[in-house]
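Engineer: Fold the following, please.
(chains A and B)
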There are 2 protein chains.
Amino acid sequence: MQGSVGNAIDEANREVVRRLTEPDVTWRGVRAALDVIPGMKPNLVLHSGPPVGWAAMAAVQQQAVIGAALFEGLADDEESARSAIERGEIEIAPCHDLGAVGAMAGATSASMAVIVVENDEFGNRAFCKVVERALQFGQFDDGVFENLRWLVDVLGPALHTAVEHLGGVRLVPLISRALHMGDECHNRNVAATALLLRTLAPALAEVAEGKDLPGIFRYFEEIDQAFLGFAMATAKALTDAANGVAGSSVVTTMARNGVEFGIKVSGLGDRWLTGPAQVIEGAFMPGHGPEDATPDQGDSAIVETVGLGAMAMANALTAGAISGGTARDAIARTRDNMQIAAGRSRSFTVPVLDFEGTPVGIDVRAVVRTGILPTILTGIAGCRPPWGRIGAGVVRPPMEPFVAALRGLDEALRDHDGG
Amino acid sequence: MQGSVGNAIDEANREVVRRLTEPDVTWRGVRAALDVIPGMKPNLVLHSGPPVGWAAMAAVQQQAVIGAALFEGLADDEESARSAIERGEIEIAPCHDLGAVGAMAGATSASMAVIVVENDEFGNRAFCKVVERALQFGQFDDGVFENLRWLVDVLGPALHTAVEHLGGVRLVPLISRALHMGDECHNRNVAATALLLRTLAPALAEVAEGKDLPGIFRYFEEIDQAFLGFAMATAKALTDAANGVAGSSVVTTMARNGVEFGIKVSGLGDRWLTGPAQVIEGAFMPGHGPEDATPDQGDSAIVETVGLGAMAMANALTAGAISGGTARDAIARTRDNMQIAAGRSRSFTVPVLDFEGTPVGIDVRAVVRTGILPTILTGIAGCRPPWGRIGAGVVRPPMEPFVAALRGLDEALRDHDGG
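Structural biologist: Got it, this is the predicted structure:
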């Protein structure tokens, strides 16, 4: 792919990078999934990552899907949920196929509260479940279901009314600011969460009095990662608009289901290219180690696709320290990723590199040429009961999907030229 | 000062550094100055910096003192306020002499709302006016007075009740965290402000319903520097407890009134050592330049005394960029200050230097020996109507007080040895 072909790819990539970095994304509200996600159905449970059949699904993701089915009242107990899924009465599908993203197991069902965002330039909407910390790691019980109901009955409507009152909240500038406050917006979202609360608090106090305001504020106080759902939805709104540019070799989706790692490449449209989900190099919680971990899982890697997460690691030296790295290591990680990126973010910049933009637009050509795989930050889910979050760390994708993508682009170009 | 004398000084300095870095400081409430500041009087107006007579006072500080007198109803108009001050009917005194600190002009009068904090180890209290952005820069009118009244009538009581509800708020850990989020807690306090709001919001929602909750939240949303008063009070509570250690050559106060720059040194107790206030190297707001600026002013340099502000500049690369510096410059500034510091903070650390502590305990011996003067971040006040904030920048103290302090310590030691 040299000469004029290479130039055509470069030009397509420039447009993809522009779409990944230029539009703003506005938070519009919080709604039950069934009311807003096109294609959502009462008997459908969404999961993270590329498509996967029930039998092949990672145990923790199965567990989360069962929990969602029980939450919806689609089955009376785990066993009957399992057989209803096997019979196809309860359906499963990737979040990504419906314009949504889900952290970790990603289990999202009809009545759950989802964040609704909109791409200001392209008008497309994206959705991500309001952050909760149990079901997405395969855990559920009455307390978990009660919390999920509180999210949709109390938190969701209060946030929705507040956001409408504000006429929407612009998310890209908020993320830009959080990036200058020690966040990379994947494993570390505390600044973004605090900034979001600061933006919302006056409106919440005006419109949500008498609606468990203390509980709503406690949600944002207790969950440092509350913003992750907003960061993911923002990235999804940008990447969906950037997908489908003919000839582009830029990655527009990275997603994992605990079994497979999948990418989409703009020039190949909605086609998934996959390889085996990798083991995470992580900092484990006491009493846990790699042998307890589900391999790489979750749609959250969508944030790396737009220049956040590991791409912005040099901004989150505190997060780096958690996994034992030095400041130099974290800065090197951002620099490494620059070698495989088609561009730099205009919105997300790195103070310690004198405000250079973060790497954005992973170019499959550069990945295959240099052998450098993008780095991704991630949480780690247990692989057996009692499930739950057992750590956090860094992972790289397998090389296979990048090679397959390059081959696919090559074929597409040949078809175009020859046919 | 070598040999055993040097060792005795080093030992005294270690204790001072310990007192500057080890105790926690707890926010206890917000009260009217008269109700909590020992020695406060209805006809007394406090000002920033070392003592200064009315005639010699910087014009902007006179203006702020007049504004405070009018706010208290001590005079009917500016002219009568001026003559009441000249006749001594309205008294003036430095904030520092009453255990308080005040940003910029520092004008603090009896009915104004002050933050009350307590040193957990030593039990001493310190006070700083709740941040407002007009009178401290010499500006006042009906709107300014209305806001000052809102601070004492609405914001203050709501915060006080919320803090009591929480059993106090620990400020050192909050500052530690903000330092890992791009703040240095002098010119940049946005993370600390957001974290404080996040901590307070649930309690405020519980105890302050019906008390202009939206307005209270808007205060924290609109004022990125709202936390500065808390940072200053924290530093004052630490430095007061660190002052008066016999033989110590460590600076425990830096304060400026726009005419003079004054320091206190632990081994010299409450004695002020002064030199001329310096001109600030700054980033000016459009239409303003150095010729419009009041020289260095305010008690806020107390934060540099405990390892914040310019001492933590390497943490606030975004703040550095505002004044045109590179990341390297900001990191160099922190390193420069390490050369004149007796120790490193245990509480305040620098991610980009792999979590080394910020420099703390400015040693007058090291300042005189190296010729390196500590750097201080600061706001810039206009020097004539319409007054107000015209920029922000960096300033260094004059050398004179450091030389005088060294001479004073020398004399004290000689008196001790010989007398």
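
Engineer: from here on, contacts and neighbour counts on C-alpha atoms
Structural biologist: OK.

Engineer: what does chain A have sitting close to chain B?
Structural biologist: A:180-183, A:191, A:194-195, A:197-199, A:201-206, A:209, A:213-218, A:220-221, A:317-318, A:326-327, A:351-354 (C-alpha under 8 Å from any C-alpha of the partner chain).

Engineer: Sort out for me which of the residues you listed are in helices.
Structural biologist: Counting by DSSP state H, the part of those found in helices is A:191, A:194-195, A:197-199, A:201-206, A:213-218, A:220-221, A:317-318, A:327.

Engineer: who touches the nearest residue to A:C383 once chain neighbours are set aside in this structure?
Structural biologist: Excluding the flanking residues, the one nearest A:C383 by C-alpha to C-alpha, 6 or more residues apart in numbering or on different chains is A:T294, at 4.6 Å. Contacts for A:T294 were tallied using C-alpha atoms under 8 Å, 6 or more residues apart in numbering or on different chains; they are A:58, A:60, A:258, A:279, A:380-383.

Engineer: Go again with 7 Å.
Structural biologist: Taking C-alpha atoms under 7 Å, 6 or more residues apart in numbering or on different chains, we find A:T294 in contact with A:258, A:380-383.

Engineer: A:A75: neighbouring residues, count only.
Structural biologist: Neighbour count for A:A75, taken as other C-alpha atoms under 10 Å in any protein chain shown: 20.

Engineer: so is it in a helix, a strand, or just coil?
Structural biologist: Counting by DSSP: H, G, I helix; E, B strand; the rest coil, the backbone at A:A75 sits in coil.

Engineer: who's in contact with it?
Structural biologist: By C-alpha under 7 Å, 6+ apart, A:A75 lies in contact with A:69, A:81.

Engineer: returning to that earlier point: which one of the contacts of A:T294 sits closest to B:G156?
Structural biologist: Distance to B:G156 across those (C-alpha to C-alpha) is lowest for A:I380, with 44.0 Å.

Engineer: tell me which element that closest one is part of?
Structural biologist: strand A:376-381 (DSSP states H and E).

Engineer: Rounded mean pLDDT for that strand, please.
Structural biologist: Regarding strand A:376-381, the rounded mean pLDDT is 95.

Engineer: Check stretch A:42-59 too.
Structural biologist: Here the average pLDDT along stretch A:42-59 is 98.

Engineer: Contacts only, for A:V251.
Structural biologist: Counting by C-alpha under 7 Å, 6+ apart, A:V251 touches A:263-266, A:305, A:361-364.

Engineer: Check those for burial and list the buried ones.
Structural biologist: When these are checked for burial by 16 or more other C-alpha atoms under 10 Å in any protein chain shown, the buried set is A:263-266, A:305, A:361-364.

Engineer: Go through the contacts of A:V251 and flag which are in strands.
Structural biologist: Counting by DSSP state E, the part of the contacts of A:V251 found in strands is A:263-265, A:361-362.

Engineer: could I get those as TSV with pLDDT?
Structural biologist: Shown next, in TSV, are the ones in strands among the contacts of A:V251 (pLDDT from 0 to 100):
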residue	pLDDT
A:I263	98
A:K264	98
A:V265	98
A:G361	97
A:I362	98
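
Engineer: so A:E118 touches A:R125, yeah?
Structural biologist: Yes - with contact defined as C-alpha atoms under 7 Å, A:E118 reaches A:R125; the gap is 4.4 Å.

Engineer: got any residues that touch both of those two?
Structural biologist: Common neighbours of A:E118 and A:R125 (criterion: C-alpha under 7 Å, 6+ apart): A:A237.

Engineer: and the strand or helix carrying A:S4, which residues are buried?
Structural biologist: Assigned by DSSP H and E, A:S4 belongs to helix A:3-21. For helix A:3-21, burial by neighbour count (16+ other C-alpha under 10 Å) applies to A:8-10, A:12-14, A:16-21.

Engineer: Stretch A:162-182 now?
Structural biologist: With burial defined by 16+ other C-alpha under 10 Å, the residues of stretch A:162-182 counted as buried are A:162-163, A:168-172, A:174-182.

Engineer: Dump the C-alpha coordinates for that stretch into CSV.
Structural biologist: Only the C-alpha atoms of stretch A:162-182 are listed here, as CSV (Å, rounded to 0.1, in the frame of the first residue of the first chain):
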residue,chain,number,x,y,z
ALA,A,162,-31.2,18.4,35.6
VAL,A,163,-29.6,17.8,32.2
GLU,A,164,-32.7,19.1,30.4
HIS,A,165,-32.7,22.1,32.7
LEU,A,166,-29.1,22.8,31.6
GLY,A,167,-30.0,22.3,27.9
GLY,A,168,-27.5,19.4,27.8
VAL,A,169,-23.9,19.1,29.1
ARG,A,170,-21.0,19.3,26.7
LEU,A,171,-18.8,16.3,27.4
VAL,A,172,-15.7,16.8,25.3
PRO,A,173,-14.6,20.0,27.0
LEU,A,174,-15.3,18.4,30.4
ILE,A,175,-13.1,15.4,29.5
SER,A,176,-10.4,17.8,28.1
ARG,A,177,-10.4,19.6,31.5
ALA,A,178,-10.3,16.3,33.5
LEU,A,179,-7.3,15.2,31.4
HIS,A,180,-5.5,18.2,32.9
MET,A,181,-6.5,17.0,36.4
GLY,A,182,-4.9,13.6,36.5
